[in-house]
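Engineer: Provide a 3D model corresponding to the input given below.
(3 chains)
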Amino acid sequence: MPELPEVETIRRGLQNLLLTKVVKNTTVYDSPKSFPNDQHTVEQFLYGANVQQVRRRAKVLLIDFSSEYTLVTHLKMTGQVVFIGASSSVKTDASVRFAAGHPNDSMLGQLPDRSTRVAIEFSDGSHLYFNDQRKFGWMKLYPTLEVPNIDFMQRVGPEPLEDSFTSNEFIPRVRRRNGTTIKAAILDQTVLAGVGNIYADESLWGAKIHPATRVRDVTDAQLAELLTCIKAVMTLSIEKGGSTDKNYVDAEGKKGSYLQFANVFRREGLSCPRHPDVLIEKSRVAGRGTHVCPVCQPVPE
DNA sequence: CACTTGACCTGTCCGC
DNA sequence: TGCGGACAGGTCAAGT
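Structural biologist: As a prediction, the model looks like this:
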């Protein structure tokens, strides 16, 4: 679920809340993919270190510490990050609690809970919880200088929202996947970073391209329009705090409301915004649930 | 090699 | 009501 806009929303919230926080302790629950580092490394390079900055690359969250180690987190599908401020006597509310990622009901209860994979305690008594129902996500520790050498970082494509990323670069990268469908191509993280199922469907609707169209059958002009739509959709989503289907609030008490603005995603059976009398259809493309307007996006030959 | 499918997991929803 | 199966969808490994 968390795609680029969701992780960027998380980054912005944590940047404000975590700066200068000092790590006091960590607890790893049932999370076989997290902290393969030996306990000695975690203790030596995390404990007593303070947060310098919070970065994002693609869908990966990067928390840099003064020890020149970086906490690298991938939320995959159901991961979430929850910050709870020091509150032994102070009542926990939106002013001290930040939650982002895939929402679930447990967020309204006490943490840690059944889905908690990692808990980080800071010296002021606040906590950062990494929760993940399905255990696909992970949290690992790397020397900051080695982060660019991680396999994923080596292979992941350009950031779509960089002004320097234009159709001049986008088109040849997509055409490397000429034999597959346009949806599979933009979901490929080595082509460009950060597009997941929601924004793939939304941007393809925006560019009026059927997701199952072979890349070779999409014109350069259409690809240029598609990139424009990817940028627009992601920019709007970040403004809206990302996508969530259940209610939650971030540090400022705002909801991630992008899905209210979605044109096709999870709107099967509802009317296309461009065609009030045409209903959105759902099918399966590139192994994912896929939403299209059958008039805007005619099925390819 | 290029592309597609399955595995990783758990919770939820739907039909019988 | 209970139960089995489909589904959710990011990424990597395995299969075609």
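Engineer: please make it C-alpha for all contacts and neighbour counts, starting now.
Structural biologist: Noted.
Engineer: okay, now the residue in chain A that DNA strand B sits nearest to: neighbour count?
Structural biologist: At 3.1 Å from DNA strand B, residue A:179 is the closest residue in chain A, using CA to the nearest atom of the strand. Neighbour count for residue A:179, taken as other CA atoms under 10 Å: 12.
Engineer: I'd say it and residue A:217 touch.
Structural biologist: No: under the criterion of CA atoms under 8 Å, residue A:179 is not in contact with residue A:217, lying 9.5 Å apart.
Engineer: near DNA strand C, which residues of the stretch 201-301 of chain A are found?
Structural biologist: Proximity of the stretch 201-301 of chain A to DNA strand C, by CA under 7 Å from any atom of the strand, involves residues A:288, A:289.
Engineer: which residues of the stretch 201-301 of chain A fall in strands?
Structural biologist: Taking DSSP state E, counting those that start in this stretch as the criterion, the stretch 201-301 of chain A carries its strands at A:271-272, A:275-279, A:281-285, A:288-292.
Engineer: now those strands in CSV, with mean pLDDT and mean neighbour count?
Structural biologist: CSV is the format used below for the strands of the stretch 201-301 of chain A (pLDDT from 0 to 100; neighbours: other CA atoms under 10 Å):
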stretch, mean pLDDT, mean neighbour count
strand A:271-272, 95, 20
strand A:275-279, 96, 13
strand A:281-285, 94, 15
strand A:288-292, 95, 21
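Engineer: out of the ones you listed, which gets nearest to residue A:160?
Structural biologist: With CA to CA, the closest approach to residue A:160 among those belongs to strand A:288-292: 21.4 Å.
Engineer: residues making contact with that closest one?
Structural biologist: Applying CA atoms under 8 Å, 6 or more residues apart in numbering, the contact partners of strand A:288-292 are A:197, A:201, A:205, A:210-211, A:264-268, A:280-284.
Engineer: select only the buried ones of those in ChimeraX?
Structural biologist: In ChimeraX, the members of those classed as buried (16 or more other CA atoms under 10 Å) are selected with the following command:
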select /A:197,201,205,210,211,264,265,266,267,268,280,281,282
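Engineer: just the endpoints, please. Distance across stretch A:23-34?
Structural biologist: For stretch A:23-34, the first-to-last residue distance is 17 Å (CA to CA, to the nearest Å).
Engineer: outside of it itself, list whatever touches it.
Structural biologist: Contacts to stretch A:23-34, defined as CA under 8 Å, 6+ apart, come from residues A:35, A:46-50, A:116-123, A:135-140.
Engineer: got the residues of the stretch 1-150 of chain A near DNA strand B?
Structural biologist: Those residues of the stretch 1-150 of chain A that sit near DNA strand B, judged by CA under 7 Å from any atom of the strand, are A:105, A:114, A:115, A:133, A:134, A:135, A:136.
Engineer: buried only: go through those for me.
Structural biologist: A:115, A:133, A:135, A:136.
Engineer: what residues sit buried inside the helix or strand that residue A:40 is a member of?
Structural biologist: Following DSSP states H and E, one finds residue A:40 within helix A:39-46. Within helix A:39-46, the residues scored as buried using 16+ other CA under 10 Å are A:42, A:45, A:46.
Engineer: got it, and stretch A:139-152?
Structural biologist: Within stretch A:139-152, the residues that count as buried by 16+ other CA under 10 Å are A:139, A:140, A:141, A:142, A:144, A:147.
Engineer: report the beta-bridge partners for the residue in the stretch 201-301 of chain A that DNA strand C sits nearest to.
Structural biologist: Nearest to DNA strand C in the stretch 201-301 of chain A, going by CA to the nearest atom of the strand, is residue A:289, at a distance of 4.6 Å. Here residue A:289 sits in beta bridges with residue A:284, going by DSSP bridges.
Engineer: so stretch A:150-164, near DNA strand C or not?
Structural biologist: Yes: against DNA strand C, stretch A:150-164 shows contacts by CA under 7 Å from any atom of the strand at A:151, A:152.
Engineer: now that stretch, how far from the centre of its chain.
Structural biologist: Its chain's C-alpha centre and that of stretch A:150-164 lie 14 Å apart, by CA atoms, centre = their mean, to the nearest Å.
Engineer: can you check stretch A:23-35 too?
Structural biologist: Stretch A:23-35 sits 21 Å away from the centroid of its parent chain (CA atoms, centre = their mean).
Engineer: now stretch A:221-241
Structural biologist: Centre-to-centre, stretch A:221-241 and its host chain are 15 Å apart (CA atoms, centre = their mean).
Engineer: try stretch A:26-37
Structural biologist: Its chain's average C-alpha position is 21 Å from that of stretch A:26-37, according to CA atoms, centre = their mean.
Engineer: buried residues in it?
Structural biologist: Of the residues in stretch A:26-37, those buried under the neighbour-count criterion (16+ other CA under 10 Å) are A:26, A:29, A:31, A:34, A:35.
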